[in-house]
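Visitor: pasting a predicted model and its sequence here:
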Amino acid sequence: MITHCPSCHTHFRVHAEQLAARAGQVRCGKCSRIFDALEHLVEEIAPTRVPAISVGVEAARAETTETELASAPEVTQTHEVSCETQEPAIAATAETPIAPPEFEPEAVAQETTIPEHATGVPASADPEAATGASSFAFGPSATAESAKSKRRWIWLLGALLLLIVLLAQAAYQYRSAIILLFPETKPYAAMLCANLGCDLPLPRRIEQMSIEASDLQADTTNPSVMVLSATLKNRAIFNQQYPFAELTLTDAQDQPVVRRVLSPQDYLGKAASTQAGFGANTEIAIKVFIEGSQVKATGYRLYLFYP
């Protein structure tokens, strides 16, 4: 007879003597539920196809079944499958006794212990020894990780060195602007330039320079000489280098006739010092004498620039 657990639907083969001894009450070996086996009997269906098994295998199975019936506890749980697919297999398997209501946990432990001959590895053997985990190391070794870490540090140091070089170049190129924004750095910059042989040029913002007034006339004492008079202003809040001035003489059609570039020494005088630069928010008046006896000019243009 075959019965099944109403909770986990595990099927068991039972005998009439076992049911009579416990009034039909049995305990499921899987979910431990006690139920009436007589109320959950399943009709046993003969198998439609039985695989051909050699006589030696059948004899070994019969001998194993007799040994298990003699030494095993009163219950052996079959594999959990659905009722429809398990019924033919139950008919073909050996008969196994049903568990009594008072099922002992030790019997389950003995039932579920894997025999040594099934795995080929002693039950007391170390799992790492069985799987070979202690003999093989899968993954990067310590040497490979160390070499990778060293290469990473080399790249980081190289990138840091390049960044320092880039900052040094930018500081050298824009040293005047840095001193202008941070005046407290001027003594250190002057010391570095003294060691490196560079200079500290003053700012050159031509958009902060303007011509407030200008005039070009013939000299009253010498008509062949023209006098350029102009007022230049530095509108910046910091000192700047003196700009260059370009004077262009034009004819009646406003076409250039002659052009001359005036340096700071030309309009300030050769004895004037330009080290301090053009003072912030200051004006200077310039006067330049130009020989113009051979020039037939009727107009002029004047503008400031930095070379």
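Guide: In hand now; what should we look at? Fair warning: this is a prediction, and the values are worked out from it, not measured in the lab. Numbers count the residues shown, from 1 in each chain.
Visitor: span of stretch 9-27 from start to end?
Guide: End-to-end distance of stretch 9-27 (CA to CA, to the nearest Å): 13 Å.
Visitor: checking the closest residue in space to Leu192 that isn't next to it in sequence next. Helix, strand or coil?
Guide: Once flanking residues are discounted, Leu192 sits nearest to Cys198: 8.0 Å by CB to CB, 6 or more residues apart in numbering. Just so you know, the C-beta spots here come from the backbone N, C-alpha and C atoms, and that holds for glycine as well. Of the three states, Cys198 takes coil under DSSP: H, G, I helix; E, B strand; the rest coil.
Visitor: start at 15 instead
Guide: With the count now opening at 15, the last piece we talked about shows up as Cys212.
Visitor: show me what contacts Cys212?
Guide: 186, 189, 206 (CB atoms under 8 Å, 6 or more residues apart in numbering).
Visitor: please pick the buried ones from those.
Guide: Burial by neighbour count, judged by 16 or more other CB atoms under 10 Å, picks out Arg189 from these.
Visitor: low-scoring stretches of the stretch 215-321 of the chain, by residue?
Guide: For the stretch 215-321 of the chain, applying pLDDT under 70 flags the ranges 307.
Visitor: how about 80 then?
Guide: 306-309 (pLDDT under 80).
Visitor: quick one, strands of the protein?
Guide: 16-18, 25-27, 39-41, 48-50, 55-56, 223-232, 239-248, 258-264, 270-276, 296-305, 313-319 (DSSP state E).
Visitor: including mean neighbour count, could the ones you listed go into CSV?
Guide: Below are these laid out as CSV (neighbours: other CB atoms under 10 Å):
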stretch, mean neighbour count
strand 16-18, 21
strand 25-27, 21
strand 39-41, 20
strand 48-50, 16
strand 55-56, 15
strand 223-232, 14
strand 239-248, 18
strand 258-264, 19
strand 270-276, 14
strand 296-305, 13
strand 313-319, 15
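Visitor: just put those strands in CSV and tack on distance to Arg165.
Guide: Formatted as CSV, the strands of the chain follow (distance: least, CB to CB, whole Å):
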stretch, distance to Arg165
strand 16-18, 65
strand 25-27, 63
strand 39-41, 65
strand 48-50, 68
strand 55-56, 69
strand 223-232, 55
strand 239-248, 56
strand 258-264, 55
strand 270-276, 58
strand 296-305, 60
strand 313-319, 53
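Visitor: out of the contacts of Cys212, who's nearest Glu260?
Guide: Distance to Glu260 across the contacts of Cys212 (CB to CB) is lowest for Arg189, with 27.9 Å.
Visitor: correct me, but that closest one touches Leu214?
Guide: Yes: counting by CB atoms under 8 Å, a contact exists between Arg189 and Leu214, whose distance comes to 6.3 Å.
Visitor: anything in contact with each of those two?
Guide: Common neighbours of Arg189 and Leu214 (CB under 8 Å, 6+ apart) are 203, 207.
Visitor: quick one, domains of the protein?
Guide: 16-133, 172-215, 220-319 (automatic domain parsing).
Visitor: make JSON lines from those domains and add distance to Ala161 to it.
Guide: Converted to JSON lines, those look like this (distance: least, CB to CB, whole Å):
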{"stretch": "domain 16-133", "distance to Ala161": "40"}
{"stretch": "domain 172-215", "distance to Ala161": "17"}
{"stretch": "domain 220-319", "distance to Ala161": "55"}
